[in-house]
Structures are given as C-alpha cells and as structure tokens.
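K.L.:
Give me the fold of what follows.
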Amino acid sequence: MSVDVLGYIAGAITALTFLPQVIKTWREKSARDISLLMFLIAAANEILWIIYGALLDNWVIILTNAVVLAMSSTMIFLKLRYNKK
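P.N.:
I've put the predicted structure just below:
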C-alpha cells in the first residue's frame, strides 16, 4: 500500500467523524446539547488546515479538511437554525 493510499483512507475516515452528529441533529431537529463554540473552533481549524494543505500542495490534507469544514459548517447552521425555535 502506498503512502498516498493510506493518507486517503485515513482522510476519508477523519472526514466522516462529524457525520453521525450531523445526521442525529438533522433527524431530531434539535441542537440543544450541541456546543456552538466547539464547531466554530473546528471550522476555524479546518480553514487553517486547508490553507496549510494548499501551501504544501497536499490534496489529502485539503480534501479531508474541506469535508470536515463542510460538516462543521452544517452543524453551525443547524445549531443556529434549531436554537431559534
């Protein structure tokens, strides 16, 4: 197995870490117990990792963190949306 393949597999697993929480929050239409600050920090972190990956021209880092940023952003959106109710 090449190093790149290992990186893409690890990246795919990492990218899906927030998926269960996104699905649970969306299905239950509740984000009451979700920490907004945690997902804001995660989103800021992912932006920095994407920039770092771009500077290194490393697509494993870029793609992994782009997906995690999308998940974090989704959770921020859901938290703000469901807190209004």
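
K.L.:
Residue 66 against residue 50, yeah?
P.N.:
Yes. Applying C-beta atoms under 8 Å, one finds residue 66 in contact with residue 50, separated by 6.0 Å. In this view, the C-beta of every residue, glycine as well, is placed from N, C-alpha and C.

K.L.:
and the residue nearest the centre of the chain, what element?
P.N.:
By C-alpha atoms, centre = their mean, the chain has its centre lying nearest to residue 68, at 2.0 Å. When secondary structure is defined by DSSP states H and E, residue 68 falls within helix 59-83.

K.L.:
mean confidence score for that helix?
P.N.:
The pLDDT scores in helix 59-83 average 94.

K.L.:
Check whether the residue nearest to the centre of the chain really touches residue 15, as I assumed.
P.N.:
Yes. Counting by C-beta under 8 Å, residue 15 is a contact partner of residue 68 at 5.6 Å.

K.L.:
Tell me the helix or strand right after whichever strand or helix holds residue 23.
P.N.:
Assignment of secondary structure by DSSP H and E places residue 23 within helix 19-28. From helix 19-28 onward toward the C-terminus, using DSSP H and E, the following helix or strand is helix 36-56.
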